[in-house]
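Visitor: what's the 3D shape of this:
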Amino acid sequence: MIRFTLPRDLYCGPGAIESLKVLKGHQKAIICTGGSSMRRGGFLQKTEKVLQEAGLQTQIMEGIEPDPSIETVFKGAAVMRKFQPDVIVAIGGGSPIDAAKAMWIFYENPDKTFDDIKEPFTLPKLRRKAIFVAIPSTSGTATEVTSFSVITDYATGIKYPLADYEITPDMAVLDTDLPVTMPKKLTAHTGMDALTHATEAYVSQVHNSFTDPLALQAVSDIFDCLLASYQGDREARGKMHMAQCLAGMAFSNALLGITHSLAHKIGAVFHVPHGCCNAILMPYVIQYNAKACLSRYADIARTAGLPGRTDEQLTLSYENAIRKMNRAMDIPFSFQEYGVAEQLFLDKKKSIAHYAVLDPCTGPNPRAVNDEIMERILTCAYYGTSVAF
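Guide: From the prediction side, this is the model:
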């Protein structure tokens, strides 16, 4: 049986923050955000103003860190319990939106522990107290339309992707004025994150007739606009904001694969940005997975307009196109090139591989893995050597 879940409402375009006026009739909104970029750009103030004009009392929770921690989640849930909002609005990059999703869980279920909700699709019912609205400022995570939230346990150095349709937002607002503020490096990393989402969703073991068109359209649009978006083209930034959302719709329902399994664990240990991890890993994972889903990668290559007559040629074209895009956006080809110290890698590779195998994203991968295989893929991605097994 297939389940396909998206937010009930999605508003997009320039000035889409104005759509928050549809929340009239609610009483209180807490606005969760990260550092200072949303305030600096005036978007935080605009969000608060529209909500207040709709008759809602507001409170702002600022300062949610990148790669939010379990401790941040519980602190935020405590703030929510004190304020008692019936609307949770998260604005900014993937981190504050993911953190706010997790806060929502513990706001409504204060008796739960983090261990209670780590396993995929084990969340209690939500929406007894609040609905959730997501306003992304970056064009990559698509957390505004997904059933995922990534939270880091810094005590163990493990990133946990929480997964459950309960945390799919009720309303997504894609205001295309927001991604214009992204710096080039963030544009590159989030863009490659979106391409990874679309790619892994299309080759996932649980892809379906609903997710396939979304994934392929996302690939086509990303190839059309990512490099121009990286160079600062405003129209391309807007198109990229839509493309990453399509990719999110696909992967939220088709799930992901071992590119993300490894990226979650590498990011927590080596502190490499998530999108950059995915960009480095993807060619190596394609080399490994191709034996199980060559025709699917060939489909993606055709959609991207890449050369090749056979499935093998097309898949190689796709792998090479990813490397070419990485180089054009100053993304390294390997983790050694990125600057991860060799001794640190050698000390941590077995642990990273082991926990990557246990990651919820590993199950849908098109080709099976174990600790040894995952370590070999990771080693290839560290040194920049081909995957041939």
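
Visitor: Give me the neighbour count for Ala341.
Guide: 11 (other C-beta atoms under 10 Å). The C-beta positions use only the backbone N, C-alpha and C, and glycine is treated the same way.

Visitor: Could you do Thr379 as well?
Guide: 17.

Visitor: who are the neighbours in contact with the residue lying closest to it once chain neighbours are set aside?
Guide: Take Thr379 and drop its neighbours on the chain: the residue closest to it by C-beta to C-beta, 6 or more residues apart in numbering is Lys349, 6.6 Å away. By C-beta atoms under 8 Å, 6 or more residues apart in numbering, the contact list for Lys349 reads 375, 378-379, 382.

Visitor: can you put these in JSON lines and add secondary structure, pLDDT and distance to Leu44?
Guide: Converted to JSON lines, these look like this (DSSP: H, G, I helix; E, B strand; the rest coil; pLDDT from 0 to 100; distance: C-beta to C-beta, whole Å):
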{"residue": "Glu375", "secondary structure": "helix", "pLDDT": "98", "distance to Leu44": "43"}
{"residue": "Leu378", "secondary structure": "helix", "pLDDT": "98", "distance to Leu44": "39"}
{"residue": "Thr379", "secondary structure": "helix", "pLDDT": "98", "distance to Leu44": "43"}
{"residue": "Tyr382", "secondary structure": "helix", "pLDDT": "98", "distance to Leu44": "39"}
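
Visitor: Redo those residues as TSV? Include distance to Gly41.
Guide: Output for the contacts of Lys349, formatted as TSV (distance: C-beta to C-beta, whole Å):
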residue	distance to Gly41
Glu375	43
Leu378	38
Thr379	42
Tyr382	37
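
Visitor: Out of these, flag the one nearest to Asn289.
Guide: Leu378 (14.6 Å; C-beta to C-beta).

Visitor: okay but the closest one is in contact with Ile352, surely?
Guide: Yes - using C-beta atoms under 8 Å, Leu378 makes contact with Ile352 at a distance of 6.2 Å.

Visitor: joint contacts of the two?
Guide: Common neighbours of Leu378 and Ile352 (C-beta under 8 Å, 6+ apart) are 262, 266.

Visitor: Name the member of the contacts of Lys349 with the shortest distance to Thr58.
Guide: Leu378 (45.0 Å).

Visitor: Determine the number of other residues adjacent to that closest one.
Guide: Count around Leu378 with other C-beta under 10 Å applied: 24.

Visitor: can you check Asp311 too?
Guide: Around Asp311 there are 18 other residues, counting by other C-beta under 10 Å.

Visitor: does it really touch Ala298, like I thought?
Guide: Yes - in terms of C-beta under 8 Å, Asp311 counts as a neighbour of Ala298; the distance is 3.9 Å.

Visitor: ranges for the strands of the stretch 151-300 of the chain?
Guide: Along the stretch 151-300 of the chain, counting by DSSP state E, counting those that start in this stretch, strands occupy 158-163, 171-175.

Visitor: Please enumerate residues in contact with the last one?
Guide: Contacts to strand 171-175, defined as C-beta under 8 Å, 6+ apart, come from residues 7-17, 19-20, 22, 43, 131-136, 144-145, 241-242, 245.

Visitor: re earlier: please identify which helix or strand holds the residue nearest to Thr379.
Guide: In the assignment (DSSP states H and E), Lys349 maps to helix 342-358.

Visitor: which residues in the chain form helices?
Guide: For the chain, helices defined by DSSP state H occupy the ranges 37-40, 43-53, 70-83, 94-108, 114-117, 184-203, 211-230, 234-254, 258-270, 274-303, 311-328, 335-338, 342-358, 371-383.

Visitor: Dump these to a markdown table, plus distance to Tyr160.
Guide: A markdown table is the format used below for the helices of the chain (distance: least, C-beta to C-beta, whole Å):
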| stretch | distance to Tyr160 |
| --- | --- |
| helix 37-40 | 25 |
| helix 43-53 | 28 |
| helix 70-83 | 8 |
| helix 94-108 | 9 |
| helix 114-117 | 8 |
| helix 184-203 | 18 |
| helix 211-230 | 24 |
| helix 234-254 | 17 |
| helix 258-270 | 8 |
| helix 274-303 | 13 |
| helix 311-328 | 27 |
| helix 335-338 | 22 |
| helix 342-358 | 10 |
| helix 371-383 | 17 |
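
Visitor: Map the structural domains onto the sequence of this protein.
Guide: Segmentation of the chain into domains, based on automatic domain parsing, reads 9-179, 182-383.

Visitor: Show me the shaky parts of the stretch 201-350 of the chain.
Guide: Low-confidence segments of the stretch 201-350 of the chain (pLDDT under 70): none present.

Visitor: Oops, could you answer that again for the stretch 51-200 of the chain instead?
Guide: Residues of the stretch 51-200 of the chain meeting the criterion pLDDT under 70: none.

Visitor: circling back: nearest to Asp193, of the strands of the stretch 151-300 of the chain?
Guide: Among the strands of the stretch 151-300 of the chain, strand 158-163 sits nearest to Asp193 (C-beta to C-beta), with 13.2 Å.

Visitor: And the closest one, what's buried?
Guide: Going by neighbour count (16 or more other C-beta atoms under 10 Å), the buried part of strand 158-163 is 158-163.

Visitor: try stretch 328-338
Guide: For stretch 328-338, by 16+ other C-beta under 10 Å, it's 329, 331-335, 338.
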